[in-house]
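# sequence and predicted structure are below.
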Amino acid sequence: MFRPFSKRFYRSTRSLMSSSPSTEAKPMLALPARAEETVEQVGIDDTYKLKELGPIVVNADGTLSRINNWKDMADIEKANVNRILLKRNRARLDQLKAQAAADEAKEEGS
């Protein structure tokens, strides 16, 4: 059942909202003058390499993810991770393709 708030509740919240810690006028932030200079036009068929995001990891269930701390890794760590991920991603992709082919053959056979 709905119970309305008491008058004391309304008074206390109203006083909290009306009192502000500083009464000084804060400067309003403005947008940059010319945004067109910083915007890069992207075409539909354009490709971009996103090296700073790190390699894509193929998970065992087929989902894709990235390494969260890639930008914090040293160059030697990045090289080792790349080497390991290439092998693991290939193996997982082959396994997922084989599983998909088996599932497709099973559906056609039924």
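The structure has been received and is ready for your questions. Since we're looking at a predicted model, the values are computed, not measured. Numbers count the residues shown, from 1 in each chain.
# use CA for all of it now, contacts and neighbours both
Noted.
# and the strands in the chain?
All strands of the chain, identified by DSSP state E, fall at 56-58, 64-66.
# neighbours around V58, how many?
By the criterion of other CA atoms under 10 Å, V58 has 19 neighbours.
# per-residue pLDDT, it?
On pLDDT, V58 comes in at 95.
# before we move on, the earlier item: deepest in the core, which of the strands of the chain is it.
Among the strands of the chain, the stretch with the highest mean neighbour count (mean count of other CA atoms under 10 Å) is strand 56-58, at a mean of 17.
# if we compare the strands of the chain, which one ends up closest to L29?
strand 64-66 (34.7 Å; CA to CA).
# any buried residues in stretch 64-81, and which?
W70, K78, V81 (16 or more other CA atoms under 10 Å).
# which helices and strands does the helix ranked longest in the chain pack with?
In the chain, taking DSSP state H as the definition, the longest helix is helix 75-109. Counting contacts by 3 or more CA pairs under 8 Å, 6 or more residues apart in numbering; DSSP states H and E, helix 75-109 is packed against strand 56-58.
# D46: neighbour count?
Using other CA under 10 Å, D46 is surrounded by 7 other residues.
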